[in-house]
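# Need a 3D model of the sequence below.
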Amino acid sequence: MAVPIVTQCNNRTAQPRLHYSQHMSENVMSNFSQFLEARNRGGQYLLDQLGADGTFPASAADVSEYYKVLMAYQVIGHDEGAGRICNWIRQQGMMPNGDFGPRQDTIPDFVHAYQNAWIVCGAHRLGQFDLSLPGMKLLMDCWDSQSGGFYASLTRRGAETNQELMGTCMCGLAALYTGMTDVARGAGRWLQLVMAAQPDFPASLYTVYTDNGKLCTEPPEEGGQRYVVYSDAECDQDFFNPGIAGGFLCRLYQSTGEHKWLTLAQKYMQFAEVASDFLFRIVRAGKVGWAASLLFTLTGEKKYRDMAVRIGNNLLELQAPEGFWSGVGQTAPSSDSTAERVVWMNEIYQAVHQA
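Below you'll find the model as predicted:
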């Protein structure tokens, strides 16, 4: 397993980089069955962590471990395993207000809604509406109807709470799954606001809307990586941001037929078109592969197919022989990372294997 050595950074590098098209060979891999095999190996690794009663992981249930697993099990065709987790959530992991648990105290507050939105999407895809609909009702408590964005916290809502790209897009996707199309349109409008306020796009992508209704272009020293991504970076960045924006907007276009959302998805993905090779080789590139797969399906443009295949190939290199994926710059198994990569490898395979 080839894992890049990664350091945290918030500043842009001055090193020159090639344009995306210069990185991509015309001879892209044609044996796409490897994507399917990688998906299935990752899925089997996750199945091995499931308890007989639906506890995930079997050693001690943790929402940060299982929140993406419902969708991962579904894409490998193991609805039975997903159903067992849903039964466990129904009996022990769901609170009266629609929240999911148990949740460790050390988990940052800003990922709370994001994690819940994955469960809402996964449960709704499985027809487990008694989980998905109460879960979505809770997410609506952090929706700002004026901006269209979702607050980054489920416990602190209001003008003092930032709205972030990752959480807004995932909650917007949950709104689409549960039939709240106007709420999802609101998230699309929020992405329009964020894009219109970008000062140096596509060299940089700022991702946090502040409490005064403006884009934050001066990230704090601590946690600043959440606020901005630099396309020419040679160290770890939140490269998933253009991907989750592009992927959500593609789904919004599919749901509404409104072409402006497809155009905006392509705009966000311009960041990936000029991104450094380093960013393409980290595990966070998975969401970009998802968005590229959808854009290829919807537009037929070869550049998106090539981008998806390129990321698929890189994710193959990052997968451990045991089937799991780790986090960025790590070697330990990660159920979170593995479940997400299973989903994206499935998306990439479905988009490109017959093209």
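# quick one: the strands in the protein?
163-164, 204-206, 208-209, 228-230 (DSSP state E).
# now for the second one, which elements pack on it?
When contacts are defined as 3 or more Cβ pairs under 8 Å, 6 or more residues apart in numbering; DSSP states H and E, strand 204-206 packs onto strand 228-230. Glycine gets a C-beta too; all of them are placed from N, C-alpha and C.
# Save the strands of the chain as TSV, and put in mean neighbour count too.
Below are those laid out as TSV (neighbours: other Cβ atoms under 10 Å):
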stretch	mean neighbour count
strand 163-164	26
strand 204-206	22
strand 208-209	24
strand 228-230	23
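# Just name the shakiest helix or strand of this structure by mean pLDDT.
helix 20-23 (a mean of 40; mean pLDDT, DSSP states H and E).
# burial measure for Gly213, as a count.
Close neighbours of Gly213, defined as other Cβ atoms under 10 Å, add up to 12.
# confidence score at it?
Reading off the confidence values, Gly213 has pLDDT 79.
# same check, this time on Thr7
On the pLDDT scale, Thr7 gets 46.
# circling back: reformat the strands of the chain as CSV; add distance to Glu340 and mean pLDDT.
Shown next, in CSV, are these (distance: least, Cβ to Cβ, whole Å; pLDDT from 0 to 100):
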stretch, distance to Glu340, mean pLDDT
strand 163-164, 18, 96
strand 204-206, 20, 98
strand 208-209, 22, 94
strand 228-230, 18, 97
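# Next, format those as a markdown table and append distance to Glu347.
Converted to a markdown table, the strands of the chain look like this (distance: least, Cβ to Cβ, whole Å):
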| stretch | distance to Glu347 |
| --- | --- |
| strand 163-164 | 23 |
| strand 204-206 | 22 |
| strand 208-209 | 26 |
| strand 228-230 | 21 |
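# Ok, which of those strands comes nearest Ala275?
strand 228-230 (8.7 Å; Cβ to Cβ).
# What pairs with that closest one, parallel or antiparallel?
Sheet pairing of strand 228-230 (DSSP bridges) gives strand 204-206 (antiparallel).
# Need the residues that contact the strand it pairs with.
For strand 204-206, the external contacting residues (Cβ atoms under 8 Å, 6 or more residues apart in numbering) are 12, 194, 197-199, 215-217, 227-231, 241-242, 268, 271.
# Show me just the buried residues among those.
Neighbour-count burial within those applies to 12, 194, 198, 215-216, 227-231, 241-242, 268, 271; the criterion is 16 or more other Cβ atoms under 10 Å.
# I'd like those residues as a markdown table, with distance to Ala184 appended.
Converted to a markdown table, the buried ones among the contacts of strand 204-206 look like this (distance: Cβ to Cβ, whole Å):
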| residue | distance to Ala184 |
| --- | --- |
| Arg12 | 33 |
| Val194 | 16 |
| Gln198 | 22 |
| Leu215 | 21 |
| Cys216 | 24 |
| Tyr227 | 24 |
| Val228 | 25 |
| Val229 | 23 |
| Tyr230 | 29 |
| Ser231 | 27 |
| Asn241 | 18 |
| Pro242 | 19 |
| Tyr268 | 16 |
| Phe271 | 22 |
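# Please enumerate the helices of the stretch 201-350 of the chain.
With helices called from DSSP state H, counting those that start in this stretch, the stretch 201-350 of the chain shows them at 240-256, 259-268, 270-273, 277-280, 286-299, 302-318, 335-352.
# cool, the stretch 1-150 of the chain as well?
Going by DSSP H, counting those that start in this stretch, the stretch 1-150 of the chain shows helices at 20-23, 33-47, 63-66, 69-75, 79-88, 112-125, 129-139.
# Report all helices and strands that the second one contacts.
For helix 33-47, the packing partners by 3+ Cβ pairs under 8 Å, 6+ apart come out as helix 69-75, helix 302-318, helix 335-352.
# how big is the angle separating the second one from helix 286-299?
Looking back up the chat, that one is helix 302-318. Relative orientation of helix 302-318 versus helix 286-299 (axes from the mean of the first three to the mean of the last three Cα atoms, to 10 degrees): 150 degrees.
# CA-only coordinates of helix 302-318 in PDB, if you can.
Only the C-alpha atoms of helix 302-318 are listed here, as PDB (Å, rounded to 0.1, in the frame of the first residue of the first chain):
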ATOM      1  CA  LYS A 302     -13.800  12.700 -21.600                       C
ATOM      2  CA  LYS A 303     -11.900  14.900 -19.200                       C
ATOM      3  CA  TYR A 304     -14.200  13.800 -16.400                       C
ATOM      4  CA  ARG A 305     -13.900  10.100 -17.300                       C
ATOM      5  CA  ASP A 306     -10.100  10.400 -17.200                       C
ATOM      6  CA  MET A 307     -10.200  12.200 -13.900                       C
ATOM      7  CA  ALA A 308     -12.400   9.500 -12.400                       C
ATOM      8  CA  VAL A 309     -10.200   6.700 -13.700                       C
ATOM      9  CA  ARG A 310      -7.100   8.500 -12.400                       C
ATOM     10  CA  ILE A 311      -8.500   8.800  -8.900                       C
ATOM     11  CA  GLY A 312      -9.700   5.200  -9.100                       C
ATOM     12  CA  ASN A 313      -6.200   4.000  -9.900                       C
ATOM     13  CA  ASN A 314      -4.700   6.000  -7.100                       C
ATOM     14  CA  LEU A 315      -7.300   4.600  -4.600                       C
ATOM     15  CA  LEU A 316      -6.300   1.100  -5.700                       C
ATOM     16  CA  GLU A 317      -2.700   1.900  -4.700                       C
ATOM     17  CA  LEU A 318      -3.800   3.200  -1.300                       C
END
